[in-house]
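Enquirer: Predicted model, plus sequence, below.
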Amino acid sequence: ASTDENENVQNIMLYQSTSGDADVGQSSLTATGGSILANAGDMFYVTNTTCAISLTNVLLTLANDTLLDVAGNSSSRGWGTAGANGGVCTFTVSEQTLSGNILVDAISSLDFTLSNGSVFTGAINPSGAAGTVNVTLDSGCQWVLTGNSYVTSFTGDVSNIVTNGYALYVNGTAITD
């Protein structure tokens, strides 16, 4: 399959079509309880839109190692202009267990907040810094690193990060060891 086809095989896509079939605005997804099973692609894919994703105590079963991908697209399907069609995502979780990688490309941004005992096991941008990524880890929450992670800002207690031998980099500087 071509890259063009692969970018469109996702579990849940939040995107803005610019083909005239949808109004411009903010998309949102809220889930409380229950479960979401991904059979193919990334669990959540955000492109060419501003969106808010809110999860509370949802069992997630991933199809691959990507929990969230906030990125531009090839624009072949009319989703904005390539190079200027990234995503802007606010991802807020409560009482949530999460695993997998979070990817944010250079033309996208993410505000990720973990609250109420949430635990995230994964890496953010393990291949290196890109985009704007702000992470807030509330008291009583935990981040278990599965790879080096690169973010723009981190708010929270670094002692709530389990490094597993990896590092969290904030603006290029390791704040964990």
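Expert: Thanks, I have the structure now. Numbering: from 1, shown residues only.
Enquirer: Show the low-confidence segments of this protein, by residue range.
Expert: Along the chain, the model assigns pLDDT under 70 to residues 1-9, 11, 13-25, 75-80, 84, 177.
Enquirer: do that again at 50, thanks
Expert: 1-4 (pLDDT under 50).
Enquirer: Now do the helices in it.
Expert: For the chain, the helices defined by DSSP state H occupy 3-6.
Enquirer: Please report how far the residue lying closest to residue 33 once chain neighbours are set aside lies from residue 119.
Expert: Using CB to CB, 6 or more residues apart in numbering and skipping the chain neighbours, the partner closest in space to residue 33 is residue 57 (5.6 Å). No exception for glycine: its C-beta is placed from N, CA and C like everyone else's. To residue 119, residue 57 is 12 Å away according to CB to CB, to the nearest Å.
Enquirer: now do residue 41
Expert: Going from residue 41 to residue 119 by CB to CB gives 24 Å.
Enquirer: Surely residue 136 and residue 160 touch.
Expert: No: the criterion here is CB atoms under 8 Å, and residue 136 misses it with residue 160 at 11.3 Å.
Enquirer: which neighbours do residue 57 and residue 119 share?
Expert: The overlap between the contact sets of residue 57 and residue 119 (CB atoms under 8 Å, 6 or more residues apart in numbering) consists of residue 96.
Enquirer: wait, what's in contact with residue 102?
Expert: 66-70, 91, 110, 112, 122-125, 133.
Enquirer: Now with 7 Å, please.
Expert: 67-68, 110, 112, 122, 124 (CB atoms under 7 Å, 6 or more residues apart in numbering).
Enquirer: what bridges to it?
Expert: residue 68, residue 124 (DSSP bridges).
Enquirer: Kindly provide the distance from it to residue 81.
Expert: 24 Å.
Enquirer: Farthest pair within the contacts of residue 102?
Expert: Spanning the widest gap among the contacts of residue 102 are 110 and 122, at 13.1 Å by CB to CB.
Enquirer: So between those two, which is more surrounded?
Expert: Between residue 110 and residue 122, counted using other CB atoms under 10 Å, the more crowded position is residue 110 (25 against 21).
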